[in-house]
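Q: I would like to see how this sequence folds:
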Amino acid sequence: MKEISAFFAGLLFSLGLIFSGMTNPENIFGFLDITGNWNPSLAFVLLSAVIVTGIGYRLVWKRSAPMYEVSFSVPTSRVLDKRLIIGSAIFGVGWGLVGLCPGPALASVFTINGVKALVFIAAMAGGILLQRNLSSLIERKTASIT
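A: Residues are numbered from 1 along each chain as shown. Prediction:
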């Protein structure tokens with residue numbers, strides 16, 4: 001049941017991205033182009049997401065536990081470290097350059113932007129693997145020094 005719920009949540013999210021036009025990189029570029037032909041539609045999508053999330057969190061936190069887990073899994077760290085800031089910057093630059101981020105890219109695979117989305121997903125997967133390997137290498141080197 002957990003997997004079925006996750007599938008339908010992902011499907012709903014994907015359909016929302018497609019119907020709102022957020023799988024079209026031109027809408028992203030239009031939103032980021034504040035000095036040219038600015039397109040505010042992404043601001044409305046983001047505002048809608050914040051409102052729905054706010055309501056959802058209020059409802060969920062009234063429960064003693066999630067539906068398919070023993071307890072809630074909430075991050076405990078509130079530290080803004082170098083890795084988080086650099087990762088966020090890379091994400092933002094990539095989003096601005098390509099007009100896609102992971103959710104819309106996956107939702108775009110079966111739309112008119114399918115080939116571009118597949119190239120983006122392959123590059124994203126390569127970046128994830130590169131980051132994991134570099135982090136692992138750096139951790140091993142620092143462990144051997146100390």
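
Q: can you give me the helices for this structure?
A: For the chain, the helices defined by DSSP state H cover 2-19, 25-32, 41-60, 82-98, 102-108, 114-145.

Q: what's the angle from the fourth one to helix 114-145?
A: Read it as helix 82-98. Inter-element angle recorded for helix 82-98 and helix 114-145: 160 degrees (by axes from the mean of the first three to the mean of the last three C-alpha atoms, to 10 degrees).

Q: which elements pack onto helix 82-98?
A: If contacts are counted by 3 or more C-beta pairs under 8 Å, 6 or more residues apart in numbering; DSSP states H and E, helix 82-98 sits against helix 25-32. C-beta: built from backbone N, CA, C; applies to glycine.

Q: contacts for the helix it packs on?
A: If you take C-beta atoms under 8 Å, 6 or more residues apart in numbering as the criterion, helix 25-32 is touched by 21-22, 37-43, 95-96, 98-100, 113, 116.

Q: make a markdown table out of the helices of the chain and add mean pLDDT, distance to residue 75 and mean neighbour count.
A: Output for the helices of the chain, formatted as a markdown table (pLDDT from 0 to 100; distance: least, C-beta to C-beta, whole Å; neighbours: other C-beta atoms under 10 Å):
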| stretch | mean pLDDT | distance to residue 75 | mean neighbour count |
| --- | --- | --- | --- |
| helix 2-19 | 90 | 19 | 12 |
| helix 25-32 | 88 | 27 | 18 |
| helix 41-60 | 92 | 14 | 11 |
| helix 82-98 | 87 | 11 | 12 |
| helix 102-108 | 87 | 19 | 21 |
| helix 114-145 | 84 | 18 | 12 |
